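# need coordinates for the below:
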Amino acid sequence: MVGFNSTDSSVLSQRRKVYGPNAALSYEQPLHIVRGQGCYLFDDAGNEYLDCVNNVAHVGHANEQVTAAVSCQLSCVCTNSRYLNEELNAYCQELTDTLPAPLEVAYLVNSGSEANDLALRIASAAAGIAKQASQASTYSSNSTGTTAQRDHVVVMAGAYHGHLSSLIPLSPYKFWGPGGAGKEPWVHVIPCPDVYRGRHLDGAAAAHAVLAEAAAAGGRVVAFFCESIVSCGGQVVLPPGYLAAVYNVMHAAGVLCIADEVQTGFGRVGETFWAFELQQGVVPDIVTMGKPIGNGFPLGAVVTTPALAAAFAAGGMEYFNTYGGNNAAVAAGRAVLREIQDKQLRQHAAHVGRYLLSGLQPLCASFPQVVGDVRGIGLFLGFELVRSPTGKNPAPIVAKAIKESAKARRVLLSTDGPAANVIKIKPPMVFGVQEADRLLQVLREVLSELTRPETLSQLLCQDEQHWQQHIAPIMASYYQNEADLACLVANFSEPAAARQHKQPNQQQPMQDDNSSTDSEVLFEGSQAL
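Numbering: from 1, shown residues only. Presented below is the predicted three-dimensional model:
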């Protein structure tokens with residue numbers, strides 16, 4: 001067990017005085033980390049911790065190449081993007097070269113939150129031009145109220161897209177979480193597909209349903225945000241074909257599709273450089289990036305098409321970001337791409353990820369009373385804790401106990417998901433087979449300890465109480481949203497012939513006398529921009 005010394009207590013006490021009280025700390029006894037190297041962190045007493053959580057230090061903590069590139073640039077000049085810079089041009093070319101056409105134009109920002117905010121602005125600008133092209137002043141001829149006067153957006157249940165005021169409303173993880181204000185009427189939430197429980201697997205039906213919901217509210221959807229693997233929602237890998245089905249429906253309705261790769265990009269999934277590429281045939285209109293892009297240096301990016309970039313610029317407003325595209329950020333970004341390439345870290349993530357998953361699956365199968373599902377790809381993995389293998393009810397107290405017990409053995413994990421019952425594994429990409437073996441050994445020790453009958457009984461009793469007091473109110477919002485969409489989903493899940501038989505004289509939702517031009521013009525307009 002690692003103690004909490006007097007220096008740590010002093011640092012914690014001072015932090016509570018000078019730093020925001022709702023800025024969270026990890027673990028019941030916070031760690032005082034003073035140094036990092038590769039996939040290891042070190043506290044002020046010199047204790048070494050295996051970091052299985054930090055996907056920001058993508059190419060390793062204190063990476064020599066990134067450190068040297070940033071230090072060298074800072075010793076020369078660090079200014080903004082209003083000056084010509086060959087390095088900026090080269091980096092944007094290198095970055096866009098990793099993406100399929102026509103994703104060819106980059107904007108650099110400071111974080112994933114800024115990237116998603118800018119993506120929303122671009123989508124709104126494109127929608128505005130599409131409306132002008134269709135000579136429509138409102139979303140539909142009979143729309144009323146403030147809901148219809150602004151752009152509608154579709155997101156995935158459990159998603160988190162950033163901390164800005166523009167993005168909290170797009171993040172069910174926040175607006176249905178503790179302290180959240182609930183869903184805005186212009187936001188529509190697709191239930192997250194749950195392969196483990198066999199629920200919400202029809203992407204096309206879900207997409208049709210939320211578009212119909214928006215139309216019923218007098219609105220028109222302009223953007224669909226989706227993490228390529230749902231991270232804060234619980235390390236959810238989308239079923240094969242799911243995202244393509246959603247994209248097809250969205251694109252047919254003129255909706256721009258935005259792939260949030262802030263957590264999952266830059267080779268982490270192993271098989272591909274970007275997680276959206278795991279879904280065959282998927283090409284987003286906009287891709288957002290953050291976290292690993294600068295290995296800890298503040299950097300984010302938006303990559304889009306020349307047409308959408310032109311639409312964003314068409315209004316005449318300059319886009320300027322004081323630190324976006326500064327010389328040091330560019331140096332960091334280029335160094336990260338070189339490290340991924342030179343050390344073949346994507347291929348490494350594929351190899352080590354397969355090895356770790358092949359160990360996790362039988363290990364977790366040895367504890368079926370608490371481990372319900374093991375999932376993920378590459379070095380983006382997770383396993384879900386449940387109170388029973390039959391009921392599959394979430395067990396967040398058990399998940400927290402695993403996290404704390406692993407930390408006591410100097411292995412760092414985190415929990416996530418709407419019910420906080422999923423253990424997340426997303427280490428720096430230099431994490432190797434040796435580290436995987438250590439993680440597996442610690443997990444075996446922890447699970448063996450926590451599933452002793454008396455210990456497990458106590459944990460499950462606490463979980464039941466915790467569920468009733470804290471988690472059930474949160475999940476009620478998710479369940480109500482699912483219920484609100486259920487009839488619409490059922491309608492669109494039926495064969496087309498059956499729907500036509502039931503409604504022989506009616507067109508599909510979103511295609512009344514006037515709305516067909518709305519949806520079609522937005523799509524045609526966005527493609528023509």
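# how far off centre is stretch 391-406?
Counting by Cα atoms, centre = their mean, to the nearest Å, stretch 391-406 is centred 22 Å from the centre of its parent chain.
# list the buried residues in it.
Judged by neighbour count using 16 or more other Cβ atoms under 10 Å, the buried positions of stretch 391-406 are 393-403, 405-406. For the C-beta atoms, the positions are set from N, CA and C on the backbone; glycine is no exception.
# then stretch 40-47?
Result for stretch 40-47 [16+ other Cβ under 10 Å]: buried residues 40, 41, 42, 43.
# that one: end-to-end distance?
10 Å (Cα to Cα, to the nearest Å).
# try stretch 426-436
Termini of stretch 426-436 sit 12 Å apart (Cα to Cα).
# any idea of the mean pLDDT in it?
The average pLDDT for stretch 426-436 rounds to 98.
# for that stretch, which positions count as buried?
For stretch 426-436, by 16+ other Cβ under 10 Å, it's 426, 427, 428, 429, 430, 431, 432, 435, 436.
# kindly report the same for stretch 342-356.
Within stretch 342-356, judged by 16+ other Cβ under 10 Å, the buried ones are 343, 345, 346, 348, 349, 350, 352, 353, 356.
# tell me where the stretch 201-350 of the chain has helices.
For the stretch 201-350 of the chain, the helices defined by DSSP state H, counting those that start in this stretch occupy 203-216, 242-252, 306-313, 327-342, 345-365.
# adding secondary structure and distance to residue 180, write the buried residues of stretch 426-436 out as JSON lines.
Shown next, in JSON lines, are those (DSSP: H, G, I helix; E, B strand; the rest coil; distance: Cβ to Cβ, whole Å):
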{"residue": "426", "secondary structure": "coil", "distance to residue 180": "24"}
{"residue": "427", "secondary structure": "coil", "distance to residue 180": "30"}
{"residue": "428", "secondary structure": "coil", "distance to residue 180": "31"}
{"residue": "429", "secondary structure": "coil", "distance to residue 180": "33"}
{"residue": "430", "secondary structure": "coil", "distance to residue 180": "36"}
{"residue": "431", "secondary structure": "coil", "distance to residue 180": "33"}
{"residue": "432", "secondary structure": "coil", "distance to residue 180": "39"}
{"residue": "435", "secondary structure": "helix", "distance to residue 180": "36"}
{"residue": "436", "secondary structure": "helix", "distance to residue 180": "36"}
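# give me the residue at the spatial middle of the protein.
By Cα atoms, centre = their mean, the chain has its centre lying nearest to residue 227, at 4.2 Å.
# make sure that one is actually in contact with residue 157.
No. Using Cβ atoms under 8 Å, residue 227 is not in contact with residue 157; the gap is 11.3 Å.
# how about residue 434, secondary structure?
helix (DSSP: H, G, I helix; E, B strand; the rest coil).
# report the angle between the axes of the strand or helix carrying residue 117 and helix 306-313?
Assessed by DSSP states H and E, residue 117 sits inside helix 112-133. In terms of direction (axes from the mean of the first three to the mean of the last three Cα atoms, to 10 degrees), helix 112-133 departs from helix 306-313 by 90 degrees.
# buried ones in helix 112-133, by neighbour count?
112-131.
# same question, stretch 76-87
81, 85.
# quick one: distance of it to the chain centre.
31 Å.
# could you tell me the end-to-end distance of that stretch?
13 Å.
# state the number of residues packed around residue 56.
17 (other Cβ atoms under 10 Å).
# ok, so of the buried residues of stretch 426-436, who is nearest residue 469?
residue 426 (29.3 Å; Cβ to Cβ).
# and that closest one, what does it touch?
52, 53, 54, 55, 263, 268, 379, 380, 381 (Cβ atoms under 8 Å, 6 or more residues apart in numbering).
# do that again at 7 Å, thanks
By Cβ atoms under 7 Å, 6 or more residues apart in numbering, the residues touching residue 426 are 53, 55, 379, 380.
# just residue 157 next, same as before
Neighbouring residues of residue 157 by Cβ under 7 Å, 6+ apart: 172, 189, 190, 191, 192, 233, 478, 481.
# try it again with 8 Å
Taking Cβ under 8 Å, 6+ apart, one finds 172, 189, 190, 191, 192, 233, 418, 478, 481 in contact with residue 157.
# return the residues in contact with the residue nearest to residue 417 when sequence neighbours are not counted.
With Cβ to Cβ, 6 or more residues apart in numbering as the criterion, residue 417 has its nearest non-adjacent residue at 3.3 Å, and that residue is residue 234. With contact taken as Cβ under 8 Å, 6+ apart, residue 234 is in contact with 158, 192, 382, 384, 416, 417, 418, 421, 422.
# before we move on, what about residue 266?
58, 273, 289, 292, 293, 336, 340.
# dump those to CSV, plus distance to residue 247.
Formatted as CSV, these follow (distance: Cβ to Cβ, whole Å):
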residue, distance to residue 247
58, 27
273, 19
289, 19
292, 24
293, 24
336, 28
340, 26
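# which residues touch stretch 311-321?
80-82, 107-110, 114, 118, 121-122, 125-126, 128-129, 304, 526, 529.
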